[in-house]
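Chemist: missing the sequence, but the structure's below:
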């Protein structure tokens, strides 16, 4: 009898809890911004995006996604660096500028050139008043003095290492979210482009989050991939019409990011100097921004900071320095949010 009375008393409470959970799930589905569901500019995520924009095609997707999430991101600036696929930093600057123009946001936020060379050659006989990449690096240093800014780095870590080299106090006023590494396995493009810079950053005190790539593994951003067919079907004509069309990296004239995205997929292997045929390409860099928008779209764990020695990860279990590792990304929700963003863009506010 007592049990029946208790159940009768608890029933309305259980119903209320269940209803609240269902309503919360419904709201999350309708408005999947998660931990960045902001109402005013002061709550937006302040970011600097450090990119090798002309490397492949995921950088371009990431830049457009960021620029069209103006209700989430306050983009303080974009810095570029060169990599071996395009060793001329001007090419990376030009490609980033093309995407900004396609989004009708050229000049809305600063775009600056960072390092063309690698950390070892730049840091030897380092002159803090005159060095390769100083425009971008100095910008990162100055902006992080003004406000609480996250640096999202999706290429090699040369610009970040140079910022720490010039001003060690940089480590105390920001955090780095880096798209890179196959950790705990070796070999990954961003990592291998400047291993010395990566180790320099890992051995510093700067808060660090590693968004794993893990080629061929379902646990890394390599799994957040789209097929050429999917891009052709979903991206053609998508995005606002540019007030001034661009001439694309491979030629041709484009008025929307969607049409340019289709063209990038058409020519991706031409640009990379290979005839390899693959059914899909990962959108690594875009995923690094998506998990900042909604941290439910990836899993995190804290680990003692490792180091790369002779191209092998060396664990340091007694290391007091801890970093955050991102893995197991929610491909479906990340891609759904990307397409939703392209269909209903919310451009960033000008930031001068």
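Modeler: On my side now, so go ahead. Only a predicted model underlies this, so the values are computations on that prediction, with no experimental measurement involved.
Chemist: May I have the secondary structure class of the residue nearest the centre of the chain?
Modeler: The centre of the chain sits closest to residue 288, judged by C-alpha atoms, centre = their mean, with a distance of 3.6 Å. Here residue 288 is recorded as helix under DSSP: H, G, I helix; E, B strand; the rest coil.
Chemist: residue ranges for the strands of the stretch 101-250 of the chain, please.
Modeler: 111-113, 149-153, 174-179, 208-211, 225-227, 246-247 (DSSP state E, counting those that start in this stretch).
Chemist: Quick one: closest of those strands to residue 66.
Modeler: Distance to residue 66, taken as C-beta to C-beta, is lowest for strand 149-153 among the strands of the stretch 101-250 of the chain, at 8.3 Å. From N, CA and C alone the C-beta is placed, and that goes for glycine too.
Chemist: returning to what we had before: these two touch, right, the residue nearest to the centre of the chain and residue 61?
Modeler: No. Contact status for residue 288 versus residue 61: not in contact, 11.1 Å apart, counting by C-beta atoms under 8 Å.
Chemist: For residue 216, the count of nearby residues, please.
Modeler: Burial measure for residue 216: 10 neighbouring residues, criterion other C-beta atoms under 10 Å.
Chemist: So for it, what pLDDT did the model give?
Modeler: Per-residue confidence for residue 216 comes out at a pLDDT of 95.
Chemist: Return the backbone torsion pair for it.
Modeler: When quoted as degrees, to the nearest 10, the phi and psi of residue 216 stand at phi 80, psi 0.
Chemist: correct me, but it touches residue 225?
Modeler: No. With contacts defined as C-beta under 8 Å, residue 216 does not count as touching residue 225, sitting 10.8 Å away.
Chemist: about what we covered before: as JSON lines, the strands of the stretch 101-250 of the chain with distance to residue 194, mean pLDDT and mean neighbour count would be great.
Modeler: As requested, the strands of the stretch 101-250 of the chain are arranged in JSON lines below (distance: least, C-beta to C-beta, whole Å; pLDDT from 0 to 100; neighbours: other C-beta atoms under 10 Å):
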{"stretch": "strand 111-113", "distance to residue 194": "16", "mean pLDDT": "98", "mean neighbour count": "20"}
{"stretch": "strand 149-153", "distance to residue 194": "11", "mean pLDDT": "98", "mean neighbour count": "23"}
{"stretch": "strand 174-179", "distance to residue 194": "12", "mean pLDDT": "98", "mean neighbour count": "23"}
{"stretch": "strand 208-211", "distance to residue 194": "15", "mean pLDDT": "98", "mean neighbour count": "23"}
{"stretch": "strand 225-227", "distance to residue 194": "25", "mean pLDDT": "95", "mean neighbour count": "18"}
{"stretch": "strand 246-247", "distance to residue 194": "30", "mean pLDDT": "98", "mean neighbour count": "16"}
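Chemist: Which residue, other than its chain neighbours, is closest to residue 252?
Modeler: Once flanking residues are discounted, residue 252 sits nearest to residue 263: 6.0 Å by C-beta to C-beta, 6 or more residues apart in numbering.
Chemist: need the contact list for the residue nearest to the centre of the chain.
Modeler: Residue 288 makes contact with 62, 152, 154, 177-179, 211, 221 under the criterion C-beta atoms under 8 Å, 6 or more residues apart in numbering.
Chemist: Kindly report the same for residue 192.
Modeler: Remark: with contacts taken as C-beta under 8 Å, 6+ apart, residue 192 is in contact with residue 311.
Chemist: mind redoing it with 6 Å?
Modeler: The contact partners of residue 192, taken as C-beta atoms under 6 Å, 6 or more residues apart in numbering, number zero.
Chemist: Kindly report the same for residue 195.
Modeler: Taking C-beta under 6 Å, 6+ apart as the criterion, residue 195 is in contact with residue 308.
Chemist: and the helix or strand containing the residue nearest to residue 252, what does it pack onto?
Modeler: With elements taken from DSSP states H and E, the one containing residue 263 is helix 257-271. Under the contact criterion of 3 or more C-beta pairs under 6 Å, 6 or more residues apart in numbering; DSSP states H and E, the helices and strands touching helix 257-271 comprise helix 228-235.
Chemist: at 10 Å instead, please
Modeler: Under the contact criterion of 3 or more C-beta pairs under 10 Å, 6 or more residues apart in numbering; DSSP states H and E, helix 257-271 touches helix 58-67, helix 89-102, strand 225-227, helix 228-235, strand 253-254, strand 280-282, helix 331-343.
Chemist: Tell me which of those sits nearest to residue 294.
Modeler: Taking C-beta to C-beta as the criterion, helix 331-343 is the member of the helices and strands packed on helix 257-271 that comes nearest to residue 294, at 7.4 Å.
Chemist: so how far is that closest one off the chain centroid?
Modeler: 15 Å (C-alpha atoms, centre = their mean, to the nearest Å).
Chemist: Buried residues, it. List them.
Modeler: Buried residues in helix 331-343, defined by neighbour count with 16 or more other C-beta atoms under 10 Å: 331, 333-335, 337-338, 341-342.
Chemist: Closest one of these to residue 247?
Modeler: Within the set of those, residue 342 lies nearest residue 247; the separation is 21.5 Å, counting by C-beta to C-beta.
Chemist: State the distance from the residue lying closest to the closest one once chain neighbours are set aside to residue 258.
Modeler: Residue nearest to residue 342 in three dimensions, not counting chain neighbours: residue 238, with 4.5 Å by C-beta to C-beta, 6+ apart. As judged by C-beta to C-beta, to the nearest Å, residue 238 and residue 258 stand 3 Å apart.
Chemist: who has more neighbours, those two?
Modeler: Neighbours were tallied for residue 238 and for residue 258 using other C-beta under 10 Å; the higher tally belongs to residue 258 (22 against 19).
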